[in-house]
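**Student:** One predicted model, sequence on top.
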Amino acid sequence: MKATRLLARTALFTASLLTIPSAQAQQPAGFTRTDLQRHDLSVGGREAVQVRVDIAPDKAFGRHTHPGEEIIYVLAGTLEYDVDGRPPARLKAGDVLFIPAGTVHAARNVGDVTASELATYIVEKDKPLLTLVK
């Protein structure tokens, strides 16, 4: 019994070590993404995902889309959003932004401190949360 527990703990520890580098590799330098919650919705095939994103000064996240709506609340700093079909929007702590499903957009920290946003996505399940656009 003790050997089985030890083997299980060793396997879990090894698996967690293997996932750390891959999770970090998916985030560009200057960005920290913290997944807060993910829940199925009452509407079939949809889920809500909530993420905190911290962006270092003068860093930008390139053009991308989501398979659903994104609702942004700026927690700290100043961020500039470039949303296709709209003039650039500069938001500071307390400001909000709605990005329709599939709309190409990008974000940049235009301040001199780390900026943070709370991003809530209402998206299709089983699709990548983010798709980069060239």
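**Tutor:** Good, I have the coordinates.
**Student:** Mind checking what helix or strand follows the least confident helix or strand in the chain by mean pLDDT in sequence?
**Tutor:** The least trusted helix or strand in the chain, going by mean pLDDT, DSSP states H and E, turns out to be helix 2-25, with a mean of 41. Of the helices and strands lying after helix 2-25 in sequence (DSSP states H and E), the nearest is strand 31-40.
**Student:** ok, then the element right after that next one?
**Tutor:** Downstream of strand 31-40 (by DSSP H and E), the next one is strand 46-55.
**Student:** So which elements touch the helix or strand that that following strand is followed by?
**Tutor:** Sequence order places strand 60-65 as the next helix or strand after strand 46-55, per DSSP H and E. Identification of packing neighbours for strand 60-65 by 3 or more Cβ pairs under 8 Å, 6 or more residues apart in numbering; DSSP states H and E yields strand 105-109, strand 131-132. In short, each C-beta sits where N, CA and C put it, glycine included.
**Student:** in strand 60-65, what counts as buried?
**Tutor:** Residues of strand 60-65 classed as buried by neighbour count (16 or more other Cβ atoms under 10 Å): 60-61, 65.
**Student:** Columns pLDDT and distance to residue 119 on top of the residues you listed, output as JSON lines?
**Tutor:** Formatted as JSON lines, the buried residues of strand 60-65 follow (pLDDT from 0 to 100; distance: Cβ to Cβ, whole Å):
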{"residue": "60", "pLDDT": "94", "distance to residue 119": "16"}
{"residue": "61", "pLDDT": "92", "distance to residue 119": "11"}
{"residue": "65", "pLDDT": "97", "distance to residue 119": "13"}
